[in-house]
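In: Predicted model, plus sequence, below.
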Amino acid sequence: MGFGYTNKAGDVLDRFEAKHCIHGSSNVFHNNGNRYFFEVTRRDQKDGGICGSIHKFLPGNMARQTGTFRINGDGTVKRGPKILKDCVLPRGVM
């Protein structure tokens, strides 16, 4: 039985997808001239957070994991690229 994730964590991920992901794909984005994709690996954190991995596209239809991310249940980004951290709602905004 999982814990699910909070609305705040989901809102941050939704904002990231809407702002940075390539139209027609919910998980591919560009950053610093490179193309990446992310995979959500855990949506059942005790605090209601979301965890995942970030992969960089390489030549020849290959990809390599370059990092991970974690959105806390309160909507803050504990770990991840700056463009994900920029999607956090300002304090006091619902």
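Out: Yes, it's here. What you see is a predicted model; the values in this text were computed from it and never measured. Numbering: from 1, shown residues only.

In: for the closest residue in space to Thr6 that isn't next to it in sequence, helix, strand, or coil?
Out: In space, not counting the residues next to it along the chain, Thr6 is nearest to Gly48; the distance is 3.5 Å by C-beta to C-beta, 6 or more residues apart in numbering. Backbone N, C-alpha and C define where each C-beta goes, glycine included. Using DSSP: H, G, I helix; E, B strand; the rest coil, the secondary structure recorded for Gly48 is coil.

In: For the lengthiest helix in the chain, name the packing helices and strands.
Out: Ranked by residue count under DSSP state H, the longest helix found in the chain is helix 7-20. For helix 7-20, the elements it packs on are strand 28-31, strand 50-58, strand 62-71, helix 82-85, judged by 3 or more C-beta pairs under 8 Å, 6 or more residues apart in numbering; DSSP states H and E.

In: Now the last one - C-alpha only, CSV.
Out: What follows is the C-alpha trace of helix 82-85 in CSV, where atoms were taken according to Å, rounded to 0.1, in the frame of the first residue of the first chain:
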residue,chain,number,x,y,z
LYS,A,82,17.6,24.3,-11.5
ILE,A,83,14.8,24.4,-14.1
LEU,A,84,12.8,22.1,-11.8
LYS,A,85,13.5,24.2,-8.8
